[in-house]
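Peer 1: 3D, please:
(one chain, ligands or ions: 2)
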Amino acid sequence: MIAVEQQDTQTTRAFTLPSDRIRAFIDALMSATDHFIAPTRVMHEDLVFAEVESADEVELEYENSLISPACFILPQREAVFTYAMAEGKPPEVRAAADVESHIIFGVRPCDVAAIEYLDRFFMGGEFADDVYARRREAKTIVAMACVEPQNDACWCTCSNAGPVAASGYDLQLTLMDDVYIVESGSERGDRLIDVAHELLADADPELVEERQRRVEEAFETFERRGNIGQAMRWISGDQTPEELWEELGAKCFSCGSCSLVCPVCSCFDTHEYVEDGVGARIRCWDSCHFPGYSLEASGFNPRENEAERMFHYAHHKLCADTFQKYGRPGCVGCGRCVQVCSAQIDLPMIAQTIRECGWACKDCKSCAQADVAAAPAGAEGTGED
Ligand code: SF4
Ligand code: SF4
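Peer 2: Numbers count the residues shown, from 1 in each chain. Ligands and ions are numbered 1, 2, ... in the order given. So this is what the prediction gives:
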């Protein structure tokens, strides 16, 4: 049994907000930003994150949205830059439009972790993606902790991304019966505390301790489990049988839905649009499940069949290299792929199947070496055996 490494969710600067003052608190936050994004109900009671004009539009009891609020930082489609072309002149390139300030309210801890992952992907290397960086800089994240799973697809506890955010937020709210604990995680958060200070009081340390106790209890209520640490070792050490990927590939429709709803997936494509002498380079989401994703200009496709693409997808999500580069697996346990895949293939299932793939084990014992070579420091405890 590998122990689940529980997050350090203790807080140093915490306040309380009576739950019946939450809409006044939202009003105060709205006064401090150009745009306020929040969970809200639309047609057929579907839950989406969208811009709202009034606190009454904000839904406070909500399941995970199908599309993560991370889409306000990495939109499905955006102009990277535009250009004007005139005959006989070089193109006049214009940077992407300025981004106004946004507060994204009610972000669940799994999505907070996904945004941290995207930050490392787009800004953590030698070169930062300036289009992403400008959007990110304009966003303030107000997280809403979970004190129980939002649905039976949630498995954030296995990827150390919930049920409470340990970092990555500016403010975090946790509902404790008739009061919210409000904690600040950044200077921006401190400024919002100042904006709403009339509604807040210092939190009693006993209440904060009680929150910690409830978080520990909440861990036990997440029923979906998958041993990410063990799957990481097997897939990084090349210890998964080809038959597994052929079997999963044969079921997959290559629809790409799992990666298009995944808040961590960062693959994109770019297109040029030119009309009447004005052009734009458009970046849009892509999926490594699409047959054309890896098609090269020569016509050669290194991942021609779905079995190869399925392995690539799972390997990128779970391999030790991803963990080392981005500080976490390429999955935050939001459960969205569980909800959308018509073939009932999802990452918790893939991780669990890798763990159980002893049916194809050749008893070569090289997995013992792979443990040493592939398991990165800190990967222990990202799942339960
Ligand atoms: S959602 Fe399911 S069927 Fe569609 S690409 Fe992903 S694994 Fe394949
Ligand atoms: S792989 Fe699935 S469960 Fe994991 S973050 Fe992506 S959509 Fe959520």
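Peer 1: show me where the stretch 101-250 of the chain has its strands.
Peer 2: Secondary structure of the stretch 101-250 of the chain (DSSP state E, counting those that start in this stretch): strands located at 102-107, 139-144, 171-176, 179-184, 201-202.
Peer 1: between the ones you listed, which one is closest to ligand 2.
Peer 2: Proximity to ligand 2, assessed across those by C-beta to the nearest ligand atom, is greatest for strand 102-107 (14.0 Å). Every residue, glycine included, has its C-beta placed from N, CA and C.
Peer 1: buried residues in stretch 124-133?
Peer 2: For stretch 124-133, the buried set under the neighbour-count rule, 16 or more other C-beta atoms under 10 Å, comprises 129, 131, 132.
Peer 1: how much space separates the most centrally placed residue in the chain from ligand 2?
Peer 2: Closest to where the C-alpha atoms of the chain average out (C-alpha atoms, centre = their mean) is residue 114, at 2.5 Å. Distance, residue 114 to ligand 2, by C-beta to the nearest ligand atom, to the nearest Å: 6 Å.
Peer 1: residue 206 now?
Peer 2: 35 Å.
Peer 1: quick one: which of the buried residues of stretch 124-133 sit in helices?
Peer 2: Judged by DSSP state H, helices contain the following of the buried residues of stretch 124-133: 131, 132.
Peer 1: in TSV, list the buried residues of stretch 124-133 along with distance to residue 249 and pLDDT.
Peer 2: Converted to TSV, those look like this (distance: C-beta to C-beta, whole Å; pLDDT from 0 to 100):
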residue	distance to residue 249	pLDDT
129	32	95
131	34	94
132	32	96
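Peer 1: just the buried residues of stretch 124-133 now: which is nearest ligand 1?
Peer 2: residue 132 (24.5 Å).
Peer 1: what's around the nearest residue in space to that closest one that is not next to it in sequence, how many residues?
Peer 2: Spatial nearest neighbour of residue 132, chain neighbours left out: residue 122 (3.9 Å); criterion: C-beta to C-beta, 6 or more residues apart in numbering. Residue 122: 20 surrounding residues under other C-beta atoms under 10 Å.
Peer 1: just residue 70 next, same as before
Peer 2: Residue 70 has 25 nearby residues by other C-beta under 10 Å.
Peer 1: you'd agree it is in a strand?
Peer 2: No. Read with DSSP: H, G, I helix; E, B strand; the rest coil, residue 70 is helix and lies in no strand.
Peer 1: and it, what does it touch?
Peer 2: Contact analysis of residue 70 by C-beta atoms under 8 Å, 6 or more residues apart in numbering lists 111, 114, 115, 118, 263.
Peer 1: want to throw those into a markdown table with distance to residue 48?
Peer 2: Below are the contacts of residue 70 laid out as a markdown table (distance: C-beta to C-beta, whole Å):
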| residue | distance to residue 48 |
| --- | --- |
| 111 | 13 |
| 114 | 17 |
| 115 | 17 |
| 118 | 20 |
| 263 | 14 |
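Peer 1: if you count neighbours, what's buried in stretch 326-341?
Peer 2: 326, 328-341.
Peer 1: closest one to residue 26 out of the residues you listed, please.
Peer 2: residue 334 (23.7 Å; C-beta to C-beta).
Peer 1: the closest residue in space to the closest one that isn't next to it in sequence and residue 322, how far apart?
Peer 2: Nearest residue to residue 334 in three dimensions, chain neighbours excluded: residue 110, at 4.2 Å (C-beta to C-beta, 6+ apart). Residue 110 sits 17 Å away from residue 322, taking C-beta to C-beta, to the nearest Å as the criterion.
Peer 1: cool, residue 121 as well?
Peer 2: As judged by C-beta to C-beta, residue 121 and residue 322 stand 10 Å apart.
Peer 1: count of residues packed around the nearest residue to residue 235 once chain neighbours are set aside?
Peer 2: With sequence-adjacent residues excluded and distances taken as C-beta to C-beta, 6+ apart, residue 235 is closest to residue 318, at 5.0 Å. Neighbour count of residue 318, defined by other C-beta under 10 Å: 28.
Peer 1: no more questions from me, cheers.
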